[in-house]
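model the following, please.
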Amino acid sequence: MGGLLSLGGVSVLGGTQAFSQTDATRGTAVQTAGDRNALLGVDPVASVQTGTDGQDLVTLTNNIDAVLDVTISLDDPSQGSVSPSTATIASGASTTITVDVAADSPTGTDALPFTVSATDGGDFSVSLTRTVDVEAGPQLLRHVADQSRNNTAQYTVQFDVNGVSDFDRVEVSFVSRDNNWASGSSTATTPEGSVSYSEGGAMGDTYDITIDVYDTSGSIVLSETVTDVADGSNPSGNDDLGGPNSPELDSFSLQDTTRRNSTDFDLDYEVSNLTNFQEVRVTFENRDNSWATDTKTDTSAPTGSVSYSAGGTQGDTYEITVAVVNDSGITVDSGSITHVSGSSSSASWP
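The predicted structure is shown next:
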């Protein structure tokens, strides 16, 4: 609907009109032709991306013969933040508002609502709400496993890069704050994969582990740094790398046949959703004697089994983790139990 409407102290409503609420003196012309050419021109972008900062959100234009003070906010602050959140716009001038969208912001049509309010400090004021679509943006998922033991720092970093159309490579650097000679780096040319570190650094050293994602122009498009003390415990913030089409761990059972001070385990597992399945990796971590820690693998599916044996360890506490690995070498599902060797004949998960 187009045209001009002369009003005095009115409310103007409508999805395609410039304002959801307007106050004006008698005789003020309130244009209803559309947001862009209204008294406060509002020109939002079509869509924004999750996990991306500094994106254009909306351009505001002052079409009245006075200065406008404007405030802008997201209706749901957990979705991100705008900049600037306040602006002063001269008559005939425009300003563009940008937005940082949170990585976990909901996606879809009209998924990001925002409100704009403007006033000339006198008789004119307006408040309106608009929405833009939200699309999934570039995303880096990572899992840093601290596998340090026997006074040696060891790490495995798994990653999954999504939404980078011109992806080139992933570079992972391990910088020791305590021993520079122990720093190292690895490169992978696939968006999903893993790299390992074992340069001889000592347990207790502090590492800055940086994951950089490059595009084909050589620019870093995604980056994250994790700081961790090499102590055998994983840092916080690890992501779940499994997706709806990933292999899944259904169950596993442990038979403890320990005797004569020798730990013996037999473990049976069951997995499903096998399209991208590579193997099952079972880690028997001895918390009392690290030399007795061992990892076994099996490529059998949907069922399989592994065995473990270590002398002199009866009564030791084990953390037993069964990990399902996809065809990119990524752990996409896992389950763990804690078990004392020789304490019972069986245990199970879940």
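
next, the buried residues of stretch 203-218.
Within stretch 203-218, the residues that count as buried by 16 or more other CB atoms under 10 Å are 203, 205, 207, 209-215. The C-beta positions use only the backbone N, C-alpha and C, and glycine is treated the same way.

redo the residues you listed as CSV? Include pLDDT and secondary structure.
Putting those into CSV (pLDDT from 0 to 100; DSSP: H, G, I helix; E, B strand; the rest coil) gives the following:
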residue, pLDDT, secondary structure
203, 92, coil
205, 96, coil
207, 97, strand
209, 98, strand
210, 98, strand
211, 98, strand
212, 98, strand
213, 97, strand
214, 97, strand
215, 96, strand
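
max pairwise distance over these: which two?
203 and 215 (36.4 Å; CB to CB).

may I see the buried residues of stretch 102-119?
Buried residues in stretch 102-119, counted by 16+ other CB under 10 Å: 102, 105, 107, 111-112, 114, 116-119.

one step back: a markdown table for the buried residues of stretch 203-218, including distance to residue 46?
As requested, these are arranged in a markdown table below (distance: CB to CB, whole Å):
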| residue | distance to residue 46 |
| --- | --- |
| 203 | 52 |
| 205 | 49 |
| 207 | 43 |
| 209 | 37 |
| 210 | 34 |
| 211 | 31 |
| 212 | 30 |
| 213 | 26 |
| 214 | 28 |
| 215 | 23 |
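
from residue 348, how far out is residue 278?
For residue 278, the distance to residue 348 (CB to CB, to the nearest Å) stands at 24 Å.

same check on residue 169?
42 Å.

what about residue 314, is that helix, strand or coil?
coil (DSSP: H, G, I helix; E, B strand; the rest coil).

measure it to residue 341 for me?
Separation of residue 314 from residue 341 (CB to CB): 5 Å.

okay, those two: which has more neighbours?
Higher neighbour count among residue 314 and residue 341: residue 341, with 24 against 17, using other CB atoms under 10 Å.

you'd agree residue 125 is up against residue 117?
Yes. Residue 125 lies in contact with residue 117 (CB atoms under 8 Å); the separation is 7.4 Å.

what about the stretch 101-250 of the chain, any weak spots by pLDDT?
Filtered on pLDDT under 70, the stretch 101-250 of the chain yields no residues whatsoever.

which parts of it are strands?
108-119, 125-135, 139-146, 155-162, 167-176, 184-188, 192-197, 206-215, 220-229, 248-256 (DSSP state E, counting those that start in this stretch).

using CSV, lay out the ones you listed together with distance to residue 287.
Listed next are the strands of the stretch 101-250 of the chain as CSV, based on distance: least, CB to CB, whole Å:
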stretch, distance to residue 287
strand 108-119, 46
strand 125-135, 45
strand 139-146, 15
strand 155-162, 19
strand 167-176, 25
strand 184-188, 28
strand 192-197, 22
strand 206-215, 22
strand 220-229, 18
strand 248-256, 16
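
what's the closest of those to residue 73?
strand 108-119 (5.6 Å).

what helices or strands is that closest one leaning on?
Under the contact definition 3 or more CB pairs under 8 Å, 6 or more residues apart in numbering; DSSP states H and E, strand 108-119 sits against strand 40-44, strand 55-62, strand 68-74, strand 94-101, strand 125-135.

on that earlier part again, of the strands of the stretch 101-250 of the chain, flag the one that's most buried.
Stretch with highest mean neighbour count among those: strand 155-162 (a mean of 22; mean count of other CB atoms under 10 Å).

pull the residues that contact that one.
136, 138-148, 167, 170, 172, 174, 188, 191-198, 207, 209, 211, 213, 222, 228, 230, 239, 241, 329-331 (CB atoms under 8 Å, 6 or more residues apart in numbering).

who wins for proximity to residue 293 among the helices and strands packed on strand 108-119?
Closest approach to residue 293 among those is made by strand 94-101 (42.7 Å; CB to CB).

CA atoms of the closest one as PDB?
Extracted in PDB, the C-alpha atoms of strand 94-101 (Å, rounded to 0.1, in the frame of the first residue of the first chain):
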ATOM      1  CA  SER A  94      22.300   7.000   6.500                       C
ATOM      2  CA  THR A  95      24.100   4.600   8.800                       C
ATOM      3  CA  THR A  96      24.700   0.800   8.600                       C
ATOM      4  CA  ILE A  97      24.300  -1.400  11.700                       C
ATOM      5  CA  THR A  98      26.300  -4.600  11.900                       C
ATOM      6  CA  VAL A  99      25.700  -7.700  13.900                       C
ATOM      7  CA  ASP A 100      27.800 -10.500  15.500                       C
ATOM      8  CA  VAL A 101      25.700 -13.700  15.400                       C
END
